[in-house]
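> Sharing a sequence plus its predicted fold:
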Amino acid sequence: MTPPSPTLPAPGGAQDVPDAAPSQTPLKTLADLERRLELLGAKAGHKRLVYRAWLGLAPWPDQEAFSSGRRPLPPKRVLDALAQIRQALEAAARIRSRHPGGDPESERLLVTLGDGQTVESVLLPRRGVCVSTQMGCAVGCVFCMTGRGGLVRQLTDLEIVAQAATARRLRPATKKVVFMGMGEPSHNLRNVLSAVRFLAQYGAFGHKDLVISTVGDPRLFDELNASDVRPALALSLHTVDDEKRSRLLPRGCRMKVADLVAAAEAWGRTSGYPVQYEWTLMKDVNDGLDEIDALGRLLAGHYAMVNFIPVNAVEGSPYRRPEREHAAELVRRLRSAGVVATLRDSAAQDVDGGCGQLRARVLKEFRGAGEAHEAGEMMP
């Protein structure tokens with residue numbers, strides 16, 4: 001499937017910048033990046049070369065690269081500004097620290113954004129990267145560290161793409177982007193879908209390898225159905241009981257479970273990719289046989305699979321993982337009901353790297369040293 005051309009967000013009413021000083025335009029969004037290149041005189045082909053270089057698919061263009069005449073030579077102003085543009089893009093998501101997991105393919109990254117704030121990204125097995133879409137989260141899942149501090153701010157589309165670009169620099173073979181890090185993608189829809197379009201068009205990421213994870217939101221399904229992109233969907237379900245779900249996800253989607261599953265199933269059929277249902281396993285909370293049997297009945301015949309993920313150990317949390325054999329039995333039980341199911345661990349758990357724990361741990365260390373700022377801490 002050939003990815004559609006992206007429609008980048010409008011500059012938001014920004015005033016024209018004189019051609020003499022386009023390098024002064026801040027690079028905060030993909031629209032800013034496109035605008036700067038256009039002010040320098042770059043045409044569509046020149047912009048494409050820059051985007052692909054940023055995403056690790058081509059070398060950064062220079063005068064020598066065009067001496068053969070096989071490529072359109074960018075205006076001199078573009079070539080002269082490329083070093084500065086490259087520096088600005090790489091500064092949008094710099095690695096503050098790296099934390100390899102026990103699995104040689106998993107690594108948790110603490111990433112510093114342009115304003116000094118930090119988010120987490122994860123290099124995943126099978127050439128994937130998990131990126132954050134918000135700093136903090138408003139949903140407040142009771143078993144998640146990220147939501148404890150609430151939402152700090154939205155990430156821009158450029159900051160989201162920059163995490164994938166950073167992964168490509170570390171692992172050039174990266175081919176999958178999962179929007180499953182810090183934040184709720186449906187609460188930052190415009191920037192998430194803009195990032196999806198950009199990665200599909202310029203990053204050689206197939207739509208099935210761009211996976212949006214969500215607790216569910218009617219606006220998300222409306223936007224997806226009206227969109228020209230067809231990303232895969234992962235739905236954080238965690239229970240089939242509506243009342244229990246409202247307790248586990250206090251400020252999450254208020255759609256009924258049956259309605260959520262119906263909307264997700266319709267999108268799975270539309271996109272051509274099975275829906276991944278994420279189920280964080282918590283001992284004596286949602287690991288009962290009756291509930292798993294109800295899940296099997298709910299998803300029987302659906303274009304779907306279930307990923308059981310034992311809960312991350314969060315400091316001060318009462319939620320614990322069930323025994324491994326019990327979790328494996330739940331997988332077998334779902335499979336016997338005709339539902340594809342797997343048992344997974346959250347990547348880099350052996351370095352306390354799940355659900356915002358890495359960022360929280362570093363913040364705690366800074367507070368202990370008396371070096372952290374107040375709410376919305378900035379880290380060097």
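Done, it's in.

> From now on I want contacts and neighbour counts done on CA atoms only, so please keep to that.
Will do.

> For the stretch 201-350 of the chain, which segments are assigned as strands?
210-214, 232-236, 275-281, 304-310, 340-343 (DSSP state E, counting those that start in this stretch).

> Need the contact partners of the first one.
It refers to strand 210-214. 176-180, 184-186, 196, 200, 231-236 (CA atoms under 8 Å, 6 or more residues apart in numbering).

> Sheet partners, orientation included, of that strand?
strand 176-179 (parallel), strand 232-236 (parallel) (DSSP bridges).

> what's the most buried one of those?
Among those, strand 176-179 has the highest mean neighbour count (mean count of other CA atoms under 10 Å), at a mean of 24.

> which other residues reach that strand?
127-133, 164, 185, 205-206, 209-213.

> same thing with stretch 227-234?
Contacts of stretch 227-234 (CA under 8 Å, 6+ apart): 3-4, 193, 196-197, 207-214, 224, 264, 267-268, 271, 273-278.

> Just the buried ones from those residues, in ChimeraX syntax?
Command for ChimeraX that selects the buried part of the contacts of stretch 227-234, burial taken from 16 or more other CA atoms under 10 Å:
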select :3,193,196,197,207,208,209,210,211,212,213,214,224,264,267,268,271,273,274,275,276,277,278
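
> Show me the residue sitting in the middle of this structure in space.
residue 179 (2.3 Å; CA atoms, centre = their mean).

> count of residues packed around residue 328?
If you count neighbours by other CA atoms under 10 Å, residue 328 ends up with 15.

> hang on, it packs against residue 343?
Yes. Residue 328 is in contact with residue 343 according to CA atoms under 8 Å; the separation is 6.9 Å.

> returning to that earlier point: for the contacts of strand 176-179, work out which two are farthest apart.
Farthest apart among these by CA to CA are 127 and 185. That separation is 21.5 Å.

> So the two - more neighbours on which side?
When neighbours are counted by other CA under 10 Å, residue 127 and residue 185 differ, and residue 185 comes out ahead with 26 against 17.

> Which residues are in contact with residue 193?
Neighbours of residue 193 in contact, by CA under 8 Å, 6+ apart: residue 229.

> Am I right that residue 144 falls within a strand?
No. Counting by DSSP: H, G, I helix; E, B strand; the rest coil, residue 144 is not found in a strand; it is coil.

> pretty sure it contacts residue 316?
No. Applying CA under 8 Å as the test, residue 144 and residue 316 come out as separate, 11.1 Å apart.

> Could you check which of these two has the larger neighbour count?
Using other CA under 10 Å, the more surrounded residue of residue 144 and residue 316 is residue 144, with 22 against 6.

> Show the contacting residues for residue 180.
So residue 180 contacts 130-132, 212-214 (CA under 8 Å, 6+ apart).

> for residue 302, what are its contacts?
Contacts of residue 302 by CA under 8 Å, 6+ apart are residue 265.

> Tell me how far the residue nearest to residue 342 when sequence neighbours are not counted lies from residue 238.
Leaving aside its sequence neighbours, residue 342 sits nearest to residue 307 (CA to CA, 6 or more residues apart in numbering; 5.0 Å). Note on residue 307: its distance to residue 238, by CA to CA, to the nearest Å, is 10 Å.
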